[in-house]
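Colleague: 3D, please:
(one chain, ligands or ions: 2)
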Amino acid sequence: RQYFVNADDTVPEKVVVQKNSPRGVHFRRAGPRQRVYFEPEDVKACIVTCGGLCPGLNTVIRELVCGLSHMYNVNDVFGIQNGYKGFYSSNYLPMTPKSVNDIHKRGGTVLGSSRGGHDTHKIVDNIQDRGINQVYIIGGDGTQKGAYEIFKEIRRRGLKVAVAGIPKTIDNDIAVIDKSFGFDTAVEEAQRAIDAAHVEASSAENGIGLVKLMGRYSGFIAMYATLASRDVDCCLIPESPFYLEGEGGLFEYIERRLKENNHMVIVVAEGAGQDLIAKSIPVADQLDASGNKLLLDVGLWLTHKIKDHCKSKKMEMTIKYIDPTYMIRAIPSNASDNVYCTLLAHSAIHGAMAGYSFTVGMVNGRHAYIPFHRVTSTRNKVKITDRMWARLLSSTNQPSFLSKEDIMEAREAERLANRLPVPASSSEHTKKHSASVLSNG
Ligand SMILES: Nc1ncnc2c1ncn2[C@@H]1O[C@H](COP(=O)(O)OP(=O)(O)O)[C@@H](O)[C@H]1O
Ligand SMILES: O=P(O)(O)OC[C@H]1O[C@](O)(COP(=O)(O)O)[C@@H](O)[C@@H]1O
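Modeller: Residues are numbered from 1 along each chain as shown. Ligands and ions are numbered 1, 2, ... in the order given. A predicted model of the protein is given here:
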C-alpha cells in the first residue's frame, strides 16, 4: 500500500489544523505552511448522500454541519435531497448545527439517497448558479466516480469549488482506504442474525441456520462476522468459488458436520455462488438505476439446493434462512464508527477549506487525501491466499473448495496486480500462466 497521501500534486501529505484565527486557519503539512483557500464568510457548502444505506451516514452529515460551523464559523450549509438528482430536481435543505443535533442517533440518511440520476452538466450548472463553493459527497465507488466527473467539469470551467468525497461502503470494498465507516457496526449487528440462526439450528434435529450477509463482490462482512461469532461452520464469499456436489464439496461437508454436531450455521455473502445460480437458473442480467448488476438470491437458492440434496439422501433436516441485509444497513452507527465518522468529516472539512478536491480516508492508520481515481480504479477484495482467510478456514474447519491450481492462479493474479517479480520457486505452470496473462494485456 504505497499510495497513501500525496499521490496527486494537488493533495498535501498531511494537513493539521494549527491555528484557528478570525482571519482564517493556517495549515501545516510536512513542510511549509498554507493559508486557507476559502475565507469562512465566503463559503457556501452543500452535502449529498448517494447509493445504498450504511450505518453512520447521519453522523457524517451531522459532523460536517457542526464541524463547518464550530471550527470555521461557516453557517451557509445546505443538504441536497435524494442523491445526485437532488442537485437539479428538488429544493436544497438549509442545515444548521441545531437542525442536525440528534440525527446521528437515527439510521439511514436525513437527506435521502438514490441510485442513478448523475448528470454532470446539470449538477455543475446548479452548483454554479447557486454559488456553491464546497461540495461534500458521501457515497460508494459509483458515487466517488460521479464526484470525480463533477470535479473534472468544475476544473474545466475554472470554478473555485472544492469537491470532497467521503467514501461509504458497507461492503468495505472501496480500494486504498483501511476500512469504511459503518463496517464495524454492520459486523456487530450481523452477530444477532448469526446468533438467531445458531439458536434455531441447535434447537432442531439436523438443524441448519443459513444467514445471508451483504457483499456484492467482497466478502468482508461475512468473513469478519464469521470470525467474530465462532458459531459459524461455513462461510461462503464471492472471492472463493465453491461447489456443491462430490468430494470436497459443500454437500459432503454439510453431511459430515450434521453427523458430528447435529446442527450447523452457514454464512453466505450475497455475491457468492452467482455463477452456480446462473448455471441452474438462466436469467438475463438486470441492472439497477446506477448500472450495478442485480444479484440473484443466493440464500434462497442454497436453501432449496440443500433441502433437495437431503431429501435425495433421505436425511431428515430443518433449514432456517435469515436475510438481515436491510436490518443491518438501517441501524445507527456504533460508538467506534461514530468516532471514525467524526474524524472523516473533520478531515474532509480541513481539506476542502484548504481548497483541495479529494476522497478522504484512513490509509495505514493515517488520515489522508486521496485522488478520486485512486479509489475508483480498483475494488478492495478478500485475498483468499492471505492469512485472514486462512484464519477463517482454521476457525470454521470448512473445506477451502480450492484446488492447487486455483490457489496458484489466485497468487499469480495478486502478483500481477502488485507488479511483483516471478518467484524463483514458481512452477512452469505459473510462469506460463503469467506469460499468457501478460500477452493478453
Ligand atoms: N461511472 C459513474 N459516473 C458518474 N456517476 C456514477 C457512476 N457510477 C455511479 N454513479 C452515480 O453514483 C450514484 C451512486 O452509485 P451506486 O453505484 O448506486 O452506489 P455506490 O456509490 O454506493 O456504489 C448514482 O447516483 C450513480 O448514478
Ligand atoms: O439498496 P439496494 O438497491 O437494494 O441495493 C442493495 C445493495 O446495497 C448494498 O448494501 C450497498 O451497495 P452500494 O455500496 O452500491 O451502495 C449492497 O451490499 C447491496 O447489494
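
Colleague: show me where the stretch 151-300 of the chain has helices.
Modeller: 183-202, 220-229, 250-261, 274-280, 298-312 (DSSP state H, counting those that start in this stretch).

Colleague: is any residue of the longest one near ligand 2?
Modeller: No: using Cβ under 6 Å from any ligand atom, helix 183-202 stays clear of ligand 2, with a minimum separation of 9.1 Å. C-beta coordinates here come from the backbone N, C-alpha and C atoms, glycine included.

Colleague: make 29 the starting number, not 1.
Modeller: New numbering, starting at 29: the last item is helix 211-230.

Colleague: for that helix, packing partners?
Modeller: strand 235-241, helix 248-257, strand 291-297, strand 346-350, helix 353-357, helix 363-381 (3 or more Cβ pairs under 8 Å, 6 or more residues apart in numbering; DSSP states H and E).

Colleague: including mean pLDDT and mean neighbour count, could these go into TSV?
Modeller: Formatted as TSV, the helices and strands packed on helix 211-230 follow (pLDDT from 0 to 100; neighbours: other Cβ atoms under 10 Å):
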stretch	mean pLDDT	mean neighbour count
strand 235-241	98	27
helix 248-257	97	24
strand 291-297	98	28
strand 346-350	98	19
helix 353-357	95	18
helix 363-381	92	22
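
Colleague: pretty sure Ala306 sits against Lys321.
Modeller: No: using Cβ atoms under 8 Å, Ala306 is not in contact with Lys321, being 10.8 Å away.

Colleague: which bits of the stretch 79-228 of the chain sit near ligand 2?
Modeller: 79-80, 168, 197-199.

Colleague: sorry, back to before: deepest of the helices of the stretch 179-328 of the chain, which one?
Modeller: helix 248-257 (a mean of 24; mean count of other Cβ atoms under 10 Å).

Colleague: low pLDDT regions in the stretch 29-178 of the chain?
Modeller: Applying pLDDT under 70 to the stretch 29-178 of the chain flags residues 29-64.

Colleague: over to the stretch 329-469 of the chain?
Modeller: Within the stretch 329-469 of the chain, the ranges that satisfy pLDDT under 70 run 432, 435, 451-469.

Colleague: residues from it in reach of ligand 1?
Modeller: Counting by Cβ under 6 Å from any ligand atom, no residue of the stretch 329-469 of the chain is near ligand 1.

Colleague: which residues of the stretch 329-469 of the chain lie near ligand 2?
Modeller: Taking Cβ under 6 Å from any ligand atom as the measure of proximity, the stretch 329-469 of the chain contacts ligand 2 at Arg357.

Colleague: contacts only, for whichever residue of the stretch 329-469 of the chain sits closest to ligand 2.
Modeller: Using Cβ to the nearest ligand atom, the closest approach of the stretch 329-469 of the chain to ligand 2 is made by Arg357 at 5.5 Å. For Arg357, the contact set (Cβ atoms under 8 Å, 6 or more residues apart in numbering) comprises 80-83, 135, 198, 214, 242.

Colleague: what about stretch 113-129, distance to the chain center?
Modeller: Counting by Cα atoms, centre = their mean, to the nearest Å, stretch 113-129 is centred 25 Å from the centre of its parent chain.

Colleague: likewise for stretch 80-90?
Modeller: Taking the mean of its C-alpha atoms, stretch 80-90 sits 13 Å from the chain's own mean (Cα atoms, centre = their mean).

Colleague: anything in it near ligand 1?
Modeller: Yes: Stretch 80-90 comes into contact with ligand 1 (Cβ under 6 Å from any ligand atom), by way of Gly80.

Colleague: spatially, which two of the contacts of Arg357 are the most separated?
Modeller: Gly135 and Met242 (14.6 Å; Cβ to Cβ).

Colleague: neighbour count winner among these two?
Modeller: Met242 (26 against 18; other Cβ atoms under 10 Å).

Colleague: is it true that the more buried one touches Met355?
Modeller: No: Met242 is not in contact with Met355 according to Cβ under 8 Å; the separation is 11.0 Å.

Colleague: in the stretch 179-328 of the chain, what residue comes closest to ligand 2?
Modeller: Met242 (3.6 Å).

Colleague: what residues are up against that residue?
Modeller: 198-199, 214, 249, 297-298, 353, 356-357 are the contacts of Met242 under Cβ under 8 Å, 6+ apart.

Colleague: for these, work out which two are farthest apart.
Modeller: Counting by Cβ to Cβ, the most remote pair of those is Ala297 and Arg357, 14.4 Å apart.

Colleague: which residue ranges of the stretch 29-178 of the chain form helices?
Modeller: 85-100, 114-117, 148-157, 169-185.

Colleague: pick the most deeply packed of the ones you listed.
Modeller: Buried most deeply of these, by mean count of other Cβ under 10 Å, is helix 85-100, with a mean of 24.

Colleague: follow-up on the earlier one: any chance of the helices and strands packed on helix 211-230 in a markdown table with distance to Ala438 as columns?
Modeller: As requested, the helices and strands packed on helix 211-230 are exported to a markdown table (distance: least, Cβ to Cβ, whole Å):
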| stretch | distance to Ala438 |
| --- | --- |
| strand 235-241 | 22 |
| helix 248-257 | 15 |
| strand 291-297 | 17 |
| strand 346-350 | 29 |
| helix 353-357 | 27 |
| helix 363-381 | 30 |
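
Colleague: from Thr87, how far off is Lys133?
Modeller: 9 Å (Cβ to Cβ, to the nearest Å).

Colleague: who touches both of the two?
Modeller: Counting by Cβ under 8 Å, 6+ apart, the residues touching both Lys133 and Thr87 are Pro360.
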